[in-house]
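> Got a sequence here, can you model it:
(chains A, B, C and D, ligands or ions: 4)
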Amino acid sequence: MFNQHSDLPFERDQSTRFLPWIVALMVFLGTLMFAAALLVSDAVNNWDTTLTGRMTIQVPEYEKSTDDTQKLAEALQATKGVSSVRIIPDAEARALLIPWLGEGVVGSGLPVPSLIDIEIVPGSKIDPVLLQERLAEIVPHVAVDDHRSWLSALITLARSAEILAFAILALIASAAVLAVIFTTRSGLAVHASVIELLHQMGARDAYIASQFQIQALMLALRGGLVGATAATIIMLFFGWIGRGIESAFLPTLSLSLMEWLLLLLVPAGAIVIAMLTARLVVLRALERMP
Amino acid sequence: MFNQHSDLPFERDQSTRFLPWIVALMVFLGTLMFAAALLVSDAVNNWDTTLTGRMTIQVPEYEKSTDDTQKLAEALQATKGVSSVRIIPDAEARALLIPWLGEGVVGSGLPVPSLIDIEIVPGSKIDPVLLQERLAEIVPHVAVDDHRSWLSALITLARSAEILAFAILALIASAAVLAVIFTTRSGLAVHASVIELLHQMGARDAYIASQFQIQALMLALRGGLVGATAATIIMLFFGWIGRGIESAFLPTLSLSLMEWLLLLLVPAGAIVIAMLTARLVVLRALERMP
Amino acid sequence: MLRFENVGMRYGVGPEVLRDVSFALAPGSFHFLTGSSGAGKTTLLKLMYLALRPTRGLVHVFGQDSSMTPRTELPDLRQKIGVVFQDFRLINHLTAVENVALPLRVGGAKHVDVDSHVRELLSWVGLGERLDARPSTLSGGQQQRVAIARAVINRPRLLLADEPTGNVDDRIAVRLMHLFEELNKTGTTVVIATHNNALVEKFGYPILNLADGELTIRGKLDSKGAS
Amino acid sequence: MLRFENVGMRYGVGPEVLRDVSFALAPGSFHFLTGSSGAGKTTLLKLMYLALRPTRGLVHVFGQDSSMTPRTELPDLRQKIGVVFQDFRLINHLTAVENVALPLRVGGAKHVDVDSHVRELLSWVGLGERLDARPSTLSGGQQQRVAIARAVINRPRLLLADEPTGNVDDRIAVRLMHLFEELNKTGTTVVIATHNNALVEKFGYPILNLADGELTIRGKLDSKGAS
Ligand SMILES: Nc1ncnc2c1ncn2[C@@H]1O[C@H](COP(=O)(O)OP(=O)(O)OP(=O)(O)O)[C@@H](O)[C@H]1O
Ligand SMILES: Nc1ncnc2c1ncn2[C@@H]1O[C@H](COP(=O)(O)OP(=O)(O)OP(=O)(O)O)[C@@H](O)[C@H]1O
Ligand SMILES: [Mg+2]
Ligand SMILES: [Mg+2]
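Residues are numbered from 1 along each chain as shown, chains lettered A, B, ... in the order given. Ligands and ions are numbered 1, 2, ... in the order given. Next up, the predicted model:
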């Protein structure tokens, strides 16, 4: 059968050397950005839901008594909007401090305050100041911490980083589109006379366009594979390095299977974009010929 | 005077539409990556030097006494390799805990351990275990914390992020170089006949090359400006958002003047690379002609 | 076969290159197209091979009004037209053989059938030694002969040749004319634009002459040559 | 002016296109270069205008051995050679006027001097109406005339024209020949490769003939024409 590729000798066109590399780079950067955005998004969502739905009531060590703690817990249980109340055992409270004070200090009997965690019914709001005033009737120096004060700035920052990552992702995508458009166009410029000739010989538009399209597909496929592989290696490497720290306060550094699949959208998208752009650019050029 | 540009009508070449955009994108991404790398590097260096050159000696609250603390400080002062000793006032120790326990708890009189910070002469090593054994003779439950245990993983992660940022930077740089090489070459392919003609007419290599070079310079300049401006806007925006969190445990999110100047290397480098590549590619093509 | 009715043609806002051109060519006829440089010969041929649409008037090719024919049917018409372009338009990346085979491939022919046929034709026009050369390594006249071979390889029903002998000597020119005549004998309508008066006189086919945008048809000049 | 000594030329590993070509052209002489298609006319001209180096033998241009001349001095030699390429080689993005002005600009001329001179020459070759047209919108013969105007605009000391009348009719061909003669009278050495026997006979200048890679010089044929 007639080999479609032989009419248009792309392989001698400079642009074909470049397209795989630009696609590879775009896919590489795009995948990493997307992964970063997903990780940050995961973390922020996590903080957001665990922290906005939660408050901690603290009784300073010098006022601490099992009775008072019990009373506080009952009062909280009766509060509208509170879904669950949990008194945190001292051991657990201590464990929270280990990273900050060192095991030596904490382990050797550092007194810790009484802590009560409450979970709030999703959607309902509890004003921490009002709550604290009410609880102070039971224990004068009780403190209500909604964790928001110092985390909200962090969340804002992370949300911005997430937006930035997605914006850069969009930029990279448009650069990839641009690169493909350009490469195809410059291929067209070099081959304009060939295209015109084939058109004159009675070749149908689809026949000519498909040659460019298949070519773009092959080039983008090569580039996409390289880029995606490189990105995967980097991500696995990073996951491996970050493993040791996962348990601390940093967001977990691993992606779900669903997210790995989502990441595949980046190379797939690049390849589809390359193919469609090539087709459209050629068809549009052909449509201008009578 | 004769206008050099009019011989080679670049403005009708597809590749000239693309080069500014690819340079802009590369400069944008490159600058952000470089900035991120600098920030992470700053933070890691900060942790690294402040933490590796520092240890904290802690005396649990129930063993705390001004005398003992004083004795410990003296013993530390006498230890080889310790450059300075500072007893941390209780107020300061409390302040350290605020982000973790909430202002309410800490402010209302949470007892804190005695803390003594020591700085270590750069280059010398002190084994925290041996030190602790020695100090335990003065205060039985003293604890020596070299801060390393839980931070080292974080530092490794940050260092890797730094390396990744620089690697991506290098990738972007090579992509920019590739883009310029490609664009110039495809310009050459389109204009090969023109170049050959000018050569035949007796135009000197430098004359022909300078036309491409100036063209590449102008295009890259345009792209570099756009990219650098976009990156600056994003960075300022981010700095502004991150302002609220700067004081917490996250690295400072601001660059020094020196670092801002360093960032200028990205667009400047892109422009110089564009110019030189254009010149070299054209000259090499010309050298093949007799 | 070919019919022009009051055809006018101008490029953009320029002057009319062709004015009120009307004529009809019978199937199987053979015509020369003459006129001084810039008279509009190439323009007239472009209208015939459907690369241009007339600004006014009607162009009928194979009995179909070219401006009324839907775009999807034009490829079929074009496949039946062989064109020798004034500037050859060979594909530089393909060999001579591949260039000549192109119309067959566009028409959907299989590889095996094509090759020997193409080589034979190229040998016939004197390029047997340079079958696999790229056009850029061929001499001017050799390129022109490749272009001619490509135009006739699929035995088109209409052959339009624009100055097909401008770069070859008289001996080869006559040989190429014989090729066209051969094709003409099998029913192909042939129109050859040329400045070569010697050739026009020698072969003595009827002449379409362009001057000041108007077309006049003259019968055979005193024919000295074959046909 | 121009001297070849035992020049041999082959492309790559192909056969020798030129074999043992030796001749010398006096300054101010006028020669035709003939030979059938593929005989090596363009190759010989390329050696003359320094676009090729001979595979063996010596090529002297303006008294300098071309293969011994340092690369930095070649541009100066080239600026003194006007070439009409067989395929025109006009720059498509420039207008006719800009194309013709190119050699002057490469030579460092100022803008104002250039323009009126260029327009005058183009009008003389019959392109007064299409001065600012791009080559792609010119007819074949018009392009050829732009190429000729470009080759002569800076009054080169050596003019090499490859088939300069292949796309124009006889009337214009004669006019162009007069242009070359005009230049020749001011001392320019002229070599014109052509297939147009009528022209060669009409003008009757001595002939360099290529056949089978060998060059023979014949004196004037029976000159019927001017000079
Ligand atoms: N694309 C175009 N745009 C504008 N004008 C054009 C275009 N093509 C041709 N012309 C003009 O139309 C006129 C006729 O051109 P055409 O090419 O048909 O002449 P021709 O008879 O083929 O001449 P030649 O023998 O020199 O090839 C010329 O004056 C030419 O400059
Ligand atoms: N770049 C090249 N590589 C290989 N062979 C070549 C090259 N250029 C020319 N030839 C071959 O050298 C021979 C002479 O070519 P040349 O162009 O000099 O012929 P010519 O006399 O100008 O012919 P024409 O009248 O057809 O233009 C031809 O057989 C041609 O195929
Ligand atoms: Mg024409
Ligand atoms: Mg030739």
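> and stretch C:58-68, what's its mean pLDDT?
For stretch C:58-68, mean pLDDT is 92.
> Three-state assignment for the closest residue to A:R86 other than its chain neighbours, please.
The spatially closest residue to A:R86, leaving aside those adjacent along the chain, is A:D117, at 4.8 Å (Cβ to Cβ, 6 or more residues apart in numbering or on different chains). To be clear about C-beta, it is placed using only N, CA and C from the backbone, and glycine gets the same treatment. When states are read from DSSP: H, G, I helix; E, B strand; the rest coil, the local structure at A:D117 comes out as strand.
> Could you double-check that A:L25 sits in contact with A:A230?
No - under the criterion of Cβ atoms under 8 Å, A:L25 is not in contact with A:A230, lying 9.1 Å apart.
> Pick out whichever of the two has more residues nearby.
A:L25 (28 against 18; other Cβ atoms under 10 Å in any protein chain shown).
> Doesn't the more buried one lie inside a helix?
Yes - membership of A:L25 in a helix is supported by three-state DSSP.
> That one: what's it in contact with?
Listed by Cβ atoms under 8 Å, 6 or more residues apart in numbering or on different chains, the contact set of A:L25 reads A:G227, B:L171, B:I172, B:A175.
> could you point out which element follows the strand or helix carrying A:K71?
Using DSSP states H and E, A:K71 falls within helix A:66-78. Scanning forward in sequence from helix A:66-78, with DSSP H and E defining helices and strands, the next element found is strand A:82-88.
> can you list the residues that contact that next one?
When contacts are defined by Cβ under 8 Å, 6+ apart, strand A:82-88 is touched by residues A:69-70, A:73, A:76-77, A:114-121, A:126.
> again, only this time at 6 Å
Residues from elsewhere that reach strand A:82-88 (Cβ atoms under 6 Å, 6 or more residues apart in numbering or on different chains): A:T69, A:A73, A:L76, A:Q77, A:L115, A:I116, A:D117, A:I118, A:E119, A:V121.
> ditto for stretch C:37-44
C:9, C:17-18, C:33, C:35, C:86, C:162, C:193, C:210, D:139, D:141-142, D:168, D:172.
> In CSV, could you pull the C-alpha coordinates for that stretch?
Backbone C-alpha positions of stretch C:37-44 (Å, rounded to 0.1, in the frame of the first residue of the first chain) are rendered in CSV as follows:
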residue,chain,number,x,y,z
SER,C,37,5.8,38.4,-21.5
GLY,C,38,3.2,39.6,-19.0
ALA,C,39,0.3,39.2,-21.5
GLY,C,40,-1.5,36.8,-19.2
LYS,C,41,-0.6,33.3,-20.4
THR,C,42,0.1,31.9,-17.0
THR,C,43,-3.1,33.6,-15.7
LEU,C,44,-5.2,32.0,-18.4
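> So what's the gap between that stretch and the chain middle?
Computed by Cα atoms, centre = their mean, to the nearest Å, the chain-centroid distance of stretch C:37-44 equals 13 Å.
> if we can go back for a sec, may I see the contacts of stretch C:37-44 arranged in TSV, with secondary structure, pLDDT and distance to C:W124 as well?
What follows is the contacts of stretch C:37-44, written out as TSV (DSSP: H, G, I helix; E, B strand; the rest coil; pLDDT from 0 to 100; distance: Cβ to Cβ, whole Å):
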residue	secondary structure	pLDDT	distance to C:W124
C:M9	strand	96	36
C:V17	strand	95	36
C:L18	strand	96	35
C:L33	strand	96	25
C:G35	coil	94	30
C:Q86	coil	93	23
C:D162	strand	96	21
C:A193	strand	97	23
C:L210	strand	95	32
D:S139	coil	95	30
D:G141	helix	94	29
D:Q142	helix	96	33
D:V168	coil	90	29
D:I172	helix	92	33
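> and which of the residues you listed is nearest C:M177?
For C:M177, the closest of the contacts of stretch C:37-44 turns out to be C:A193, at 13.5 Å, with distances computed as Cβ to Cβ.
> For that closest one, give its distance to D:F203.
26 Å (Cβ to Cβ, to the nearest Å).
> Now list the buried members of the contacts of strand A:82-88.
Of the members of those, the ones counted as buried by neighbours, 16 or more other Cβ atoms under 10 Å in any protein chain shown, are A:T69, A:A73, A:L76, A:L115, A:I116, A:I118.
> which residues sit in contact with the fourth one?
Residues counted as contacts of A:L115 (Cβ under 6 Å, 6+ apart) are A:T56, A:Q58, A:I88, A:A93.
> for these, which one is nearest chain B?
Of all those, chain B sits closest to A:Q58, with 4.2 Å by Cβ to the nearest Cβ.
> Just give me the neighbour total for the closest one.
Should you count by other Cβ under 10 Å, A:Q58 turns out to have 26 residues around it.
> Same question for C:D87.
Quick note: C:D87 (other Cβ under 10 Å) scores 18 neighbours.
> what secondary structure does it sit in?
Remark: C:D87 carries the secondary structure label coil [criterion: three-state DSSP].
> And for residue 86, the neighbour number?
Let's take chain A. By other Cβ under 10 Å, 13 other residues sit near A:R86.
> hmm, I had chain C in mind actually
By other Cβ under 10 Å, 22 other residues sit near C:Q86.
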